[in-house]
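# make a model of this:
(4 chains)
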2 protein chains.
Amino acid sequence: MRLHRTGSLPLYRQVQQVLQERIESRALLPGDRLPTEHELARELAVNRLTVRQAISELARAGQLVVRQGIGTFVAEPPAHFVVTLGPERSMAAVEHTTRTLEQEGMPAREVFLSSAIEDCAEAREQLRLPRRRLRRVDTQFLVDGEPWSANTYWLADTRFRGITDRLVHDGSVFRACAEHYGTDLRYAWRSFAAAAASPREAELLGVAVGTPVLVREGLNIDSSGTPTVYVTRRLRSDRMRFVLRYEHDPIVE
Amino acid sequence: MRLHRTGSLPLYRQVQQVLQERIESRALLPGDRLPTEHELARELAVNRLTVRQAISELARAGQLVVRQGIGTFVAEPPAHFVVTLGPERSMAAVEHTTRTLEQEGMPAREVFLSSAIEDCAEAREQLRLPRRRLRRVDTQFLVDGEPWSANTYWLADTRFRGITDRLVHDGSVFRACAEHYGTDLRYAWRSFAAAAASPREAELLGVAVGTPVLVREGLNIDSSGTPTVYVTRRLRSDRMRFVLRYEHDPIVE
DNA sequence: AAGTGGTCTAGACCACACC
DNA sequence: GTGTGGTCTAGACCACTTC
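Okay, the predicted model is just below:
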């Protein structure tokens, strides 16, 4: 195989096409290891950096998975787990998702990462709190040992005093609010956006920097309508997807 | 300024930090042009490729905008337009969004791109149609002349015969369905995910390949409950964001 | 024509995983 | 140690924008 500049298609795009053809023709199956970068470079008579440029775009797009020291692999078709959102503002939420996952043999749990007094303009405004009262709690959602989301919660330090100690053994913030503080939460709003994974987020999610992540933010209010928890989740877009169903009587999270 | 390998932080990350510091300290303001890649390379005593690697990640993350032949600029803070979704399945949808945008002085319109008989397993399943009856329509949503979303609609060719001609002057597919075919649509479901822009999508949206985009899919049914239009939208995540409000009585799309 | 970013090369060394 | 991907360099030429 030999590539060369033709028309105006850059070499690295031609390399991409070669790889995509091999995947689509099933010459390479999900989970298979690609030839090494050196081998591909030699085989296609291009520089290794050109191969890397081709691979890195395909990896970002989720078609390949690169593992340092091991090799580059054809990605498994994403096990898009569908989370169904109802029109309700209730929050059986995490509970429901967790149960569903477990029924499919995928043990899910939320793990506490860190907690600190910290300021954040957006959280301050949403919660209407002075800056010194703002507590930030970070958690990770693991499914089958694999990180699926990185979460940041903002809440009033005074109202949930000592919550950090509660979270060490069970990282579920919402459960802690309910069980230890008697606070029933429901949604005021939730939002969806897409963003590139920052270095920190990429590490937490086990993906490459710049990988698209689904950003879900939400404000939770207590039964009196007071803004109580402002949460930001970054979700692996190759693992989760949200669906708003209107037909049937709908469930949660 | 001189960078060198310290600890284990790669050079290109140090270059990123330098740039981010200049942006955060407001030494570089939104819209400002950065020094050229050659200049940065010389100034920081690193290779130009190293500078490029730093810049390309920041560009993907939306902090910088790179324009060939012109220069690299600090991105304007994203004018996240918020689209409010109600729990209703109704579809005042595009209408409402368009009106809101226009009130803010941003003329919005949907533009027809192409139309063809084409097969798609997912669309076939959603619409329960045989493959030969499947029509694909592509449109672009422009706000103030700038592309905000790339849309693909799937519908029954027989039911909407001649729709292509209707769309040439007004690209709004939903409006065409209502006005020319008397079909009132509402949502059965909508979904949200994130993905990397493919070369084709990147071109339509005016962003770099691999930029995170918000993927919104939905199935629309007519008043008898028949699946009628299956639509996939790719939205610029630096321009739009979806919010589900639960508090007030809610509006549309 | 001049200046910008876009692509490509050859070669080197480093960090990580596995044996 | 061996082999993988990760980082980095020096230098070249191309494509696009502006003048």
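
# need the residues of the stretch 101-250 of chain A near chain B, please.
A:186-196, A:198-199, A:209-215, A:235, A:237, A:241-247 (CB under 8 Å from any CB of the partner chain). Every residue, glycine included, has its C-beta placed from N, CA and C.

# give me that answer again for 6 Å
A:187-196, A:210, A:212-214, A:237, A:241-247 (CB under 6 Å from any CB of the partner chain).

# can you point out the buried residues in stretch A:42-57?
Of the residues in stretch A:42-57, those scored as buried under the neighbour-count criterion (16 or more other CB atoms under 10 Å in any protein chain shown) are A:L44, A:V46, A:T50, A:V51, A:R52, A:Q53, A:A54, A:I55, A:S56, A:E57.

# list only buried entries from the residues of the stretch 101-250 of chain A next to chain B.
Using 16+ other CB under 10 Å as the burial test, those include A:187-196, A:210, A:212-214, A:237, A:241-246 as buried.

# next helix or strand past the worst-scoring helix or strand of chain A on mean pLDDT?
For chain A, scoring each helix and strand by mean pLDDT, DSSP states H and E identifies helix A:93-103 as the least confident one, at a mean of 68. Along the chain past helix A:93-103, the next helix or strand (assigned with DSSP states H and E) turns out to be strand A:108-117.

# avg pLDDT for that following strand?
Across strand A:108-117, the average pLDDT comes to 90.

# residues from the stretch 1-150 of chain A in reach of DNA strand C?
Residues of the stretch 1-150 of chain A lying close to DNA strand C by CB under 7 Å from any atom of the strand are A:5, A:10-13, A:45-50, A:53, A:67-70.

# which of these scores worst on pLDDT?
Of all these, the model is least confident about A:R5, whose pLDDT is 59.

# who touches stretch A:47-66?
Residues lying outside stretch A:47-66 but in contact with it, judged by CB atoms under 6 Å, 6 or more residues apart in numbering or on different chains, are A:11-12, A:15-16, A:37, A:40-41, A:72-73, A:75, A:208, A:210-211, A:238, B:196, B:210.

# please redo it, this time with the cut-off set to 7 Å
When contacts are defined by CB atoms under 7 Å, 6 or more residues apart in numbering or on different chains, stretch A:47-66 is touched by residues A:11-12, A:15-16, A:19, A:23, A:37-38, A:40-41, A:72-75, A:78, A:208, A:210-211, A:238, B:196, B:198, B:209-210.

# do the same with stretch A:181-189
Under the criterion CB under 7 Å, 6+ apart, external residues in contact with stretch A:181-189 comprise A:89-91, A:160, A:174, A:177-178, A:218-223, A:227-229, B:243-247.

# how far does stretch A:40-57 sit from the chain's center?
Stretch A:40-57 sits 29 Å away from the centroid of its parent chain (CA atoms, centre = their mean, to the nearest Å).

# need the distance between the two termini of that stretch.
Stretch A:40-57 stretches 16 Å from its first residue to its last (CA to CA, to the nearest Å).

# hmm, A:R136 and A:W154 touching each other?
Yes: contact criterion CB atoms under 7 Å: A:W154 and A:R136 qualify, at 5.8 Å.

# the more surrounded of those two?
In this view A:W154 and A:R136 are compared by other CB atoms under 10 Å in any protein chain shown, and A:W154 has more residues nearby, 24 against 18.

# so is the more buried one in a helix, a strand, or just coil?
When the structure is reduced to helix, strand and coil (DSSP: H, G, I helix; E, B strand; the rest coil), A:W154 reads as strand.

# that one pairs with what?
Beta-bridge pairing for A:W154 (DSSP bridges): A:R136, A:Y230.

# which segments of chain A make up each domain?
The record, using automatic domain parsing to delimit domains, assigns chain A the ranges A:11-74, A:81-244.

# next up, phi/psi of A:E146, please.
Listed backbone geometry of A:E146 is phi -100, psi 130, with angles given as degrees, to the nearest 10.

# and it, how many residues sit next to it?
Taking other CB under 10 Å as the criterion, the count of residues near A:E146 is 13.

# so what's it closest to, chain neighbours aside?
With CB to CB, 6 or more residues apart in numbering or on different chains as the measure, A:G206 is the residue that lies nearest to A:E146, at 6.9 Å, once sequence neighbours are left out.

# pLDDT at that neighbour, what is it?
Value listed for A:G206 in the pLDDT field: 84.

# wait, isn't it in contact with A:S149?
No: with the criterion set as CB under 7 Å, A:G206 and A:S149 do not qualify as a contacting pair; they are 11.3 Å apart.

# on that earlier part again, inside helices: which ones of the contacts of stretch A:181-189?
Applying DSSP state H to the contacts of stretch A:181-189, the entries found in helices are A:F174, A:C177, A:A178.

# where in the stretch 51-200 of chain A is pLDDT low?
Scanning the stretch 51-200 of chain A with the threshold set as pLDDT under 70 gives A:86-96.

# closest approach to DNA strand D from it, which residue is it?
Across the stretch 51-200 of chain A, no residue is closer to DNA strand D than A:G69, which sits at 3.5 Å (CB to the nearest atom of the strand).

# what helix or strand is the closest residue to A:H80 other than its chain neighbours on?
Leaving aside its sequence neighbours, A:H80 sits nearest to A:R241 (CB to CB, 6+ apart; 4.8 Å). Following DSSP H and E, one finds A:R241 within strand A:240-245.

# how far off strand B:240-245 does that strand point, in degrees?
For the pair strand A:240-245 and strand B:240-245, the angle between their directions (axes from the mean of the first three to the mean of the last three CA atoms, to 10 degrees) equals 50 degrees.

# so what are the sheet partners of strand A:240-245 and their directions?
According to DSSP bridges, strand A:240-245 has the following sheet partners: strand A:81-85 (parallel), strand B:186-196 (antiparallel).

# which residues does that strand contact?
Judged by CB under 7 Å, 6+ apart, the contacts made with strand A:240-245 from elsewhere in the structure are A:80-85, A:148, A:192, A:214, B:189-193.

# how far is that strand from where the chain is centred?
Between the centre of strand A:240-245 and the centre of its chain there are 14 Å (CA atoms, centre = their mean).

# do the same with stretch A:99-113
Relative to its parent chain, stretch A:99-113 has a centroid offset of 15 Å by CA atoms, centre = their mean.
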